[in-house]
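K.L.:
Following is a predicted model, sequence given first.
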Amino acid sequence: MDPIAGNDNIDIRQKKKEYRTEDEEEAEEDHLAPARWWFSSTLFPLVAGTFGPIATAFNICSLAVDWRLTVNPSSTEAEGFFRSDPKWLIAVNAVSLAIAITANLALLANNFGRLPFSVAQPVTIVGWYITSFMLIGLVAAAPAHLPLSPGEDRTFSQAYYYAILAAALYFIVASLLVATAVAVYRGRYSYDFKLTFSQKTLMIQVLLFLGYLLAAAAVYAKIEDWNFLDAVFWADVTLFTIGYGDYAPKTHLGRSLLFPMAIGGILFVGLIVASISSLVLDRGSKKVSIRMVEKVRQKALASYRPKTGTMHLHPFKRRVVGKNISSELDRREQEFNIMREVQQTAANYNRMIAAGISLGMVMILWFIGAVCFWQAEKGYGNWSYFESLYFTYVSLLTIGYGDFYPQDNSAKPVFVLWSLIALPTLTVLIGSVGGIISEGVNTLTLWIGDHLPEKSAALSAMKEDATKAKGSAFQSAKPPGFMEEGKAADAGTEDQAHAEAVKGIIQSMQENHGSNAEHVAVGEHYRHYLLMKEMKNVVQHLDATPPRKYTYAEWTWFLKLLGEDESNMSRHRNPKTVHGAEVAADDAHRREPAAEAHNEKDQIQPWSWLGRRSPLMTSTDEPKWVLERLMDALERELKEQGGKNLAQERGMNGT
């Protein structure tokens, strides 16, 4: 047997204690659940939290100006004269806005833990439904009670169409929250929304941006003597850097205020776009990513053929497991490497899915948006569908030539909503496609570096840079400590104390734990030193971008410090698809990753790197996972040692 294996007599789990926090346990419970529950528990509340304020902003727009205006046949609708709304319409509209604001505040308070779910969700859902129905009633009653006389060239203003959009958005977001509430009451997940800090931040950013947009519009409507809703359209076009040129500040004050106003708004847009890109691309949805890893893992296990020892990650990638190995460590390393490939395959699938969904959304927004503007502008610009396609494409890329721009009162509100959705979506598409292209370029660069002479310094540097850029799954580093006594001097450090600690802990592990008190004390001292040393190393990896992924040598060392011996076959099992009675046994310990699950005899359950309890299957970043367990081990052992010292002291004092 390898000398590093020995019989590991340091059992740091004599007292069964969960390492994980409550949040981490919930995450582990969720990661095998169907992805549709992630949509209702996370995506739906996030969409409601971002589009609810947009609906309220449109509600404000519907109340800000009158719903009718008289237009001269020789002028545009922007040059029309408003006709006063009846008091009942203003009153009902104002009440609907007050109810909507209350509903938004309730949702915001619930998302930040200030109001319980059982109170906030009924208030939000009922409030938004009531507001939607009130606005629908006003919109439906307007043609009959606010007649438009063709002889006087009357038409509805932008406020009327903002009311339609607000009513539709309120109904949609309320329905999404109903789906969430139904799943909660059916016990699919807890009453708390599983929104991360970044997701909550996005909601606040959207809320602040809408406030900034409306405030800027109010200021410029006053300064430039514009209609408020025309100012809203101008502010939207300006902050998204489209700039058609149909509206522009003419006064000295307006042009002066544009300096801070434009840069502030563009920064807001940049923050929101960056947050969306980060949520969708960098972290994606962690739930969807982990679920994809689980699907790829199950598919790989299902393809495993024990007779040939082969496993297929996909039709064109075959891997051999359990063949041509000289030790248990070699076999385990094969499993580990395959699990890394499972993660990489799942990451590639995620990128393709994100790109596909983003592309689909952009195409829908492009072609369907073109239909909307084509129909809306038939009266003024008499656009063809191709011209509308051209307009939406130029706007989507924020080019904004100004040869086509919305003029109809129905087109401008639709454009504001369309731009709020389309431009961030295009950014996500660019990011996801860029990631795929970058991955392909890095792969090609690595291939060139592998197949061309390495004597060239330029090629060597290119290969090294590409390896770093390719992603954390391909990062390699010296292990923090080496297991074999003969290699202790090469432990990646010039600190002799570190090398001596490696030797000391190995020697103490190979001694009988109770036969030599001096060896035991020395071993504990070295062990505590190494735990502190490795915690210091791991802390430096917590904020790595992309997240740090450890090599097999590093994992072997960390697990050794936690009492798990990678050379001990009794604690391992071969990769296999879990069926029947094994499902219950495996699920019973699903929350307890490697080296944490015990059976009734308090023995560590066998596990595989390709199993559900693999440390690589957790939703926690690897450095955090390792650091928490190293800290817990040191804390518990120091507490036990302190208790022993106290007992000895009391015994010596006769108390």
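P.N.:
Perfect, thanks for sending it. Numbering: from 1, shown residues only.

K.L.:
so which strand or helix has residue 60?
P.N.:
Counting by DSSP states H and E, the element that carries residue 60 is helix 44-64.

K.L.:
what do you get for residue 313?
P.N.:
With DSSP H and E as the criterion, residue 313 is inside strand 310-314.

K.L.:
what do you get for residue 256?
P.N.:
If you go by DSSP H and E, residue 256 is part of helix 252-277.

K.L.:
as a whole number, average confidence for that helix?
P.N.:
Averaged over helix 252-277, pLDDT sits at 90.

K.L.:
I'd like the distance from residue 333 to residue 614, if you could.
P.N.:
Distance, residue 333 to residue 614, by Cβ to Cβ, to the nearest Å: 14 Å. (Glycine included, C-beta is placed from N, CA and C.)

K.L.:
give the contact list for residue 53.
P.N.:
104, 203, 206-207, 210 (Cβ atoms under 8 Å, 6 or more residues apart in numbering).

K.L.:
any idea how far it lies from residue 273?
P.N.:
Taking Cβ to Cβ, one finds residue 53 at 17 Å from residue 273.

K.L.:
just residue 429 next, same as before
P.N.:
From residue 429 over to residue 273 the distance is 12 Å, taken as Cβ to Cβ.

K.L.:
Same check on residue 184?
P.N.:
Residue 184 is 31 Å from residue 273, by Cβ to Cβ.

K.L.:
repeat for residue 388
P.N.:
25 Å.

K.L.:
more crowded one of the two?
P.N.:
Neighbour count, other Cβ atoms under 10 Å: between residue 388 and residue 273, residue 388 has more, with 23 against 18.

K.L.:
Just confirm residue 332 contacts residue 609, I think it does.
P.N.:
Yes. Using Cβ atoms under 8 Å, residue 332 is in contact with residue 609, at 6.5 Å.

K.L.:
the more surrounded of the two?
P.N.:
Comparing residue 332 with residue 609 by other Cβ under 10 Å, the one with more neighbours is residue 609, at 26 against 20.

K.L.:
Isn't that one up against residue 340?
P.N.:
No. Look at residue 609 against residue 340 with Cβ under 8 Å: they stay out of range, at 9.1 Å.

K.L.:
any residues in contact with both of these two?
P.N.:
The contact sets of residue 609 and residue 340 overlap at residue 616 (Cβ under 8 Å, 6+ apart).

K.L.:
can you tell me the helix or strand for the residue lying closest to residue 278 once chain neighbours are set aside?
P.N.:
Once flanking residues are discounted, residue 278 sits nearest to residue 198: 6.5 Å by Cβ to Cβ, 6 or more residues apart in numbering. Taking DSSP H and E as the criterion, residue 198 maps to helix 197-223.

K.L.:
tell me what that helix is packed against?
P.N.:
helix 44-64, helix 87-111, helix 228-239, helix 252-277 (3 or more Cβ pairs under 8 Å, 6 or more residues apart in numbering; DSSP states H and E).

K.L.:
With distance to residue 557 added, can I get those helices in CSV?
P.N.:
Below are these laid out as CSV (distance: least, Cβ to Cβ, whole Å):
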stretch, distance to residue 557
helix 44-64, 40
helix 87-111, 41
helix 228-239, 52
helix 252-277, 36
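
K.L.:
closest to residue 138 out of the ones you listed?
P.N.:
helix 87-111 (5.9 Å; Cβ to Cβ).

K.L.:
wait, isn't residue 115 in contact with residue 106?
P.N.:
Yes. Using Cβ under 8 Å, residue 115 makes contact with residue 106 at a distance of 6.1 Å.

K.L.:
what sits in contact with each of the two?
P.N.:
By Cβ under 8 Å, 6+ apart, no residue touches both residue 115 and residue 106.

K.L.:
immediately after the helix of greatest length in the chain, which helix or strand?
P.N.:
The single longest helix within the chain, with elements called by DSSP state H, is helix 328-376. Downstream of helix 328-376, the next assigned helix or strand under DSSP H and E is helix 385-396.

K.L.:
For that following helix, buried residues please.
P.N.:
Residues 387-392, 394-396 are the ones in helix 385-396 that count as buried (16 or more other Cβ atoms under 10 Å).

K.L.:
What lies in contact with it?
P.N.:
242, 362, 365-367, 369-371, 373-374, 377, 381, 383, 400-401, 404-405, 415, 418-419, 422-423, 426.

K.L.:
how about the CA coordinates for it, as CSV?
P.N.:
Extracted in CSV, the C-alpha atoms of helix 385-396 (Å, rounded to 0.1, in the frame of the first residue of the first chain):
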residue,chain,number,x,y,z
TYR,A,385,-42.6,46.0,-43.3
PHE,A,386,-39.0,46.0,-44.6
GLU,A,387,-38.6,49.7,-43.5
SER,A,388,-39.9,48.7,-40.1
LEU,A,389,-37.4,45.8,-40.0
TYR,A,390,-34.6,48.3,-40.9
PHE,A,391,-35.8,50.7,-38.2
THR,A,392,-35.8,48.1,-35.4
TYR,A,393,-32.4,46.7,-36.5
VAL,A,394,-30.8,50.1,-36.4
SER,A,395,-32.4,50.9,-33.1
LEU,A,396,-31.5,47.5,-31.6
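
K.L.:
pLDDT on that helix, on average?
P.N.:
Averaging pLDDT along helix 385-396 gives 94.

K.L.:
Please apply the same query to stretch 605-619.
P.N.:
If you average the pLDDT over stretch 605-619, you get 80.

K.L.:
What is the end-to-end distance of that stretch?
P.N.:
21 Å (Cα to Cα, to the nearest Å).

K.L.:
Could you do stretch 394-411 as well?
P.N.:
End to end - Cα to Cα - stretch 394-411 spans 16 Å.

K.L.:
Excluding chain neighbours, what is closest to residue 201?
P.N.:
In space, residue 201 comes closest to residue 275 once its chain neighbours are excluded; the distance is 6.4 Å by Cβ to Cβ, 6+ apart.

K.L.:
before we move on, back to that, so what sits against both of residue 333 and residue 614?
P.N.:
Counting by Cβ under 8 Å, 6+ apart, no residue touches both residue 333 and residue 614.
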